[in-house]
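Participant: I'll drop the sequence and a predicted model, then ask my questions.
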Amino acid sequence: MRLLVVGHDQLPWSSFKAALFWLESKAVKMTPISDFIQQNEFDRTTSVLIPTRDAKGGSYCFTILWERTCRLSCLDPRDRIYALLSLLPKRESEGVLPDYEKPTEDVYKSFILNQIEKSSSLEILRLCSPTSPQSRLDLPSWVPDLTNRNLPAFQYENATGTSFPEATFDKLNDTLCVRGISHGSIAEVRASIAHSAQLREILAVCKTWVPENLRTADYKGGESLLEAFVKTLVCGSIEGVVPAIAGHGLNLKESAEAFDKSVVKGIVDVTTSSYVDMLRYFLSGRAFFTSEKAFMGICPSYAEAGDHIVFILGSAPLVLRSVPGRNDRFRVIGECYVQGLMSLEVFAGSLPDGWRSKTASIDGFDKLVFVDRSGNQTQMDPRLGALPQDWTFKFGSEYPLKDSEIDEKGDLRSMWFVHSDGTLQCQDPRLTSELLKTRGVDIQDFILV
């Protein structure tokens, strides 16, 4: 039996965990003790209870491990990386050797560049945010300050699909050039929610965001403004659209009812606690915004009107800010959520009539799935057409890969792209800057400083 021992006292570890999670449940349900619990500090305690291996015993990527450990104390800032090396997948840790003689800035920068190269992804940019005034580090904006708590990445983000990242590091100027598409700029940023905000504060601020014509107007793509706003507040985490999160499995109707009860009426009870917990998770440290193209979304609290909304290949929609006097240079402000543009719409357009998209768990990984009128599911995007010459689809989680997407039980297998030269990748060869330009997509270079 695992025990927690403090002095002469001891407690079964399972009882300790149960007590902490009970306290957490009371904090999010606005019980008499909720105002006495600092949720951000409480998260620091419960983070030690979250597993650092997946259900199959495999390794999590760095972004997940960092989010699960960022609230814990760390004497040497370089150990934000070095302490996690043994937990990382081999491809991410390979070649990274602890060196406490190197300045922290150099450790962070070289690790981020290694991450980009080894993971063939720019997902790490989702952790970026302006450096805290308390930070002693002098970092480019494209290198996350891992001494900051920062904001949690949005959980089910498919805005750029499985696009291939295209990034070039300029060592002389310390810049990173990435490619993507601009979707205009932010028109207005509403009141933000502080990291330390209590539940009543969160609900009060959310109520100020409610559009005046919420019950009567429509939003982009034909959905009602009410539906769009309810989804926006939880950044799209609705059952049937994303995998059910433990304790958060609310569909759109249930989420709308919880919104009316908690945000509009200020009531939090057992029927709304799951929805309110999602509000706290996604909105602390963030704000509601509207764009010049009449989209709505959630952005970092330090975003400003005039900041650019850019969808980066291989990453996520980011808020970028032009460097004064250098309109070709940008600073990363942070990740954003844009309602109606989170399933590859900026690159491929709207889905055909009768189709919808969702995130599903396939072979232990979250994948973007498309559902037709008859309810048939596939990972093959109906908007993208045939694969380029010499590329084929293959499916499965182990060799030999299969030709069929559906297994013997009727479940989906993971989808891969295989080139005639033997190259195997999860990135879609149709989502490169070169081929997207042939589809009329205005791909641009963005130099991050």
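Facilitator: Thanks, I have it.

Participant: where does the protein dip in pLDDT?
Facilitator: By pLDDT under 70, the weakly predicted segments of the chain are 1, 21, 23-58, 131-134, 149-153, 155-157, 243-248.

Participant: I'd like to know how far residue 435 sits from residue 445.
Facilitator: The gap separating residue 435 from residue 445 is 17 Å, by C-beta to C-beta, to the nearest Å. Bear in mind the C-beta positions are built from the backbone N, C-alpha and C, glycine included.

Participant: those two: which is more packed in?
Facilitator: Comparing residue 435 with residue 445 by other C-beta atoms under 10 Å, the one with more neighbours is residue 435, at 16 against 12.

Participant: check which element follows the helix or strand containing that one along the chain.
Facilitator: For residue 435, the element it lies in under DSSP states H and E is helix 433-438. Toward the C-terminus, helix 433-438 is succeeded by strand 444-448 as the next helix or strand (DSSP H and E).

Participant: what does that following strand contact?
Facilitator: For strand 444-448, the surrounding residues in contact (C-beta atoms under 8 Å, 6 or more residues apart in numbering) are 140-142, 170, 175-182, 310, 312, 320, 328-332.

Participant: please look at residue 343 and residue 350 and confirm they touch.
Facilitator: No. Using C-beta atoms under 8 Å as the test, residue 343 is too far from residue 350 to be in contact (9.4 Å).

Participant: more neighbours: the two, which one.
Facilitator: Per other C-beta under 10 Å, whichever of residue 343 and residue 350 has more neighbours is residue 343, with 23 against 13.

Participant: mind listing what that one touches?
Facilitator: Contacts for residue 343 were tallied using C-beta under 8 Å, 6+ apart; they are 158-159, 161, 351, 357, 368.

Participant: again with residue 302
Facilitator: 129-130, 333-334.

Participant: so which of the contacts of strand 444-448 are in strands?
Facilitator: 170, 175-182, 310, 312, 320, 328-332 (DSSP state E).

Participant: dump the residue contacts of the residue positioned nearest the centre of the chain.
Facilitator: With distances taken as C-alpha atoms, centre = their mean, residue 154 lies nearest the centre of the chain, 2.6 Å away. Going by C-beta under 8 Å, 6+ apart, residue 154 touches 126, 235-236, 282, 316, 335, 337.

Participant: surely it is within a helix?
Facilitator: No. Applying DSSP: H, G, I helix; E, B strand; the rest coil, one finds residue 154 to be coil, outside a helix.

Participant: can you start the count at 22 instead of 1 from here on
Facilitator: Renumbered: residue one is now 22, and that last one reads residue 175.

Participant: one step back: show me which of the contacts of residue 175 is closest to residue 443.
Facilitator: Nearest to residue 443 among the contacts of residue 175, counting by C-beta to C-beta, is residue 337 at 30.1 Å.

Participant: helices of the stretch 122-271 of the chain, start to end?
Facilitator: 125-140, 220-230, 246-254 (DSSP state H, counting those that start in this stretch).

Participant: tell me how far the second one lies from the chain's centre.
Facilitator: Using C-alpha atoms, centre = their mean, to the nearest Å, the mean C-alpha position of helix 220-230 is found 22 Å from that of the whole chain.

Participant: residue 397: how many residues sit nearby?
Facilitator: Residue 397: 9 neighbours (other C-beta under 10 Å).

Participant: just confirm residue 381 is within a strand.
Facilitator: Yes. With three-state DSSP as the criterion, residue 381 is part of a strand.

Participant: how close does it sit to residue 389?
Facilitator: For residue 381 relative to residue 389 (C-beta to C-beta), the value is 8 Å.

Participant: do the same with residue 439
Facilitator: 19 Å.

Participant: compare these two (neighbour count), which wins?
Facilitator: Comparing residue 439 with residue 389 by other C-beta under 10 Å, the one with more neighbours is residue 389, at 21 against 17.

Participant: isn't there a strand covering the more buried one?
Facilitator: Yes. Counting by three-state DSSP, residue 389 is found in a strand.
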